[in-house]
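Novice: sequence unknown, structure follows:
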């Protein structure tokens, strides 16, 4: 092993120049203020003058709540609108159909009013017994040509006012062209003798016509015009209250006053009923029926039911 060559002594160059020594760089000394500044913690930047902290206030909270409620309401309305407009073609079809039906109906009504589509060309008169049908028809034939929908019963009443035997009437429309007129004639309730002629009268005191027989209706004994007589009205009220089985057996009835109505029955024996006034007619009728069941047909008797709670029966001729 060969020995290393000897190192040249310092300051004597060998083949290459020796590097110049470099002095170490030392950091510049910092002053005490900079050191303390580096060690102190960073402070926040000063706040601008005149600005308040951004904290939520009660007013802002109320506004936000109102906006939120408004948005919720709008959403609910939109949802409801979507729900009702769902399937709108079908609903529109129903609406259009309904409108079309109304239009057709209005057109039909107008057609029946302003066209002869339902004009009257036949008048049927029903219910006549004493009046002649031709006479009544002549009074209402001017209604022919009038639409059934425009028949005015007030005009018919004026045309029939000349017939005192007509008590009431009813109209019935029979489309397309027939009007039926039902007449209710006055019904007689008794016979009133005027002079030497017997006439039939109805309960209102309207004269119906002369008659030659007293066997079907009772004779109502009254003086003066029956339509204006209070005694006639009292006698009629009693006749209407009698039992239906007893009415055909009444020969005559007389109201000497409003408190004294007397009835004479048909038959050989003299039977008389003292009715009194027309009050308590139902009770008097029941009491009279019970009394008549215990009276023989050939017995002369007076049945007094003027006080129905204390009736009396008197036998013998009188």
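Specialist: Right, received. Where do you want to start? None of these values were measured; they are calculated from a predicted model.
Novice: Report the buried residues of stretch 305-312.
Specialist: The neighbour-count check on stretch 305-312 (16 or more other Cβ atoms under 10 Å) flags 305, 306, 308, 311 as buried. Just so you know, the C-beta spots here come from the backbone N, C-alpha and C atoms, and that holds for glycine as well.
Novice: where do the helices sit along the stretch 151-300 of the chain?
Specialist: 153-159, 230-241, 281-292 (DSSP state H, counting those that start in this stretch).
Novice: Nearest to residue 218, out of the ones you listed?
Specialist: helix 230-241 (6.8 Å; Cβ to Cβ).
Novice: what's the model's confidence in the closest one, averaged?
Specialist: The average of the pLDDT scores along helix 230-241 is 92.
Novice: Hmm, residue 218 is touching residue 253, no?
Specialist: Yes - if you go by Cβ atoms under 8 Å, residue 218 and residue 253 touch, sitting 5.5 Å apart.
Novice: Spell out which residues are contacts of both of those two.
Specialist: Residues touching both residue 218 and residue 253 (Cβ atoms under 8 Å, 6 or more residues apart in numbering) are 190, 239.
Novice: check contacts around residue 232.
Specialist: 192, 205, 220, 222, 226, 255.
Novice: Show only the entries of these found in strands.
Specialist: 192, 220, 255 (DSSP state E).
Novice: Can you tell me, leaving aside adjacent residues, what's nearest to the second one?
Specialist: The shortest distance from residue 220 to any residue other than its chain neighbours is 4.0 Å, reached at residue 190 (Cβ to Cβ, 6 or more residues apart in numbering).
Novice: That neighbour against residue 254, yeah?
Specialist: No - using Cβ under 8 Å as the test, residue 190 is too far from residue 254 to be in contact (11.1 Å).
Novice: Please report how far residue 199 lies from residue 236.
Specialist: 15 Å (Cβ to Cβ, to the nearest Å).
Novice: An error on my part: the question was meant for residue 68.
Specialist: Distance from residue 68 to residue 236, by Cβ to Cβ: 85 Å.
Novice: what's the burial count for the residue nearest to residue 220?
Specialist: 24 (other Cβ atoms under 10 Å).
Novice: quick one: it from residue 236, how far?
Specialist: Applying Cβ to Cβ to residue 190 and residue 236 gives a distance of 7 Å.
Novice: try residue 221
Specialist: 12 Å.
Novice: If you count surrounding residues, which of those two has more?
Specialist: More crowded of residue 221 and residue 236, by other Cβ under 10 Å: residue 236, with 24 against 19.
Novice: How is this protein divided into domains?
Specialist: 65-114, 116-185, 190-315 (automatic domain parsing).
Novice: what sits in contact with each of residue 190 and residue 254?
Specialist: 220, 235.
Novice: can you pull out the strands in the stretch 101-250 of the chain?
Specialist: 122-126, 166-174, 178-185, 190-194, 197-201, 207-210, 219-221, 250-257 (DSSP state E, counting those that start in this stretch).
Novice: would you list those in CSV and tack on distance to residue 63?
Specialist: CSV is the format used below for those (distance: least, Cβ to Cβ, whole Å):
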stretch, distance to residue 63
strand 122-126, 81
strand 166-174, 70
strand 178-185, 76
strand 190-194, 94
strand 197-201, 93
strand 207-210, 92
strand 219-221, 95
strand 250-257, 94
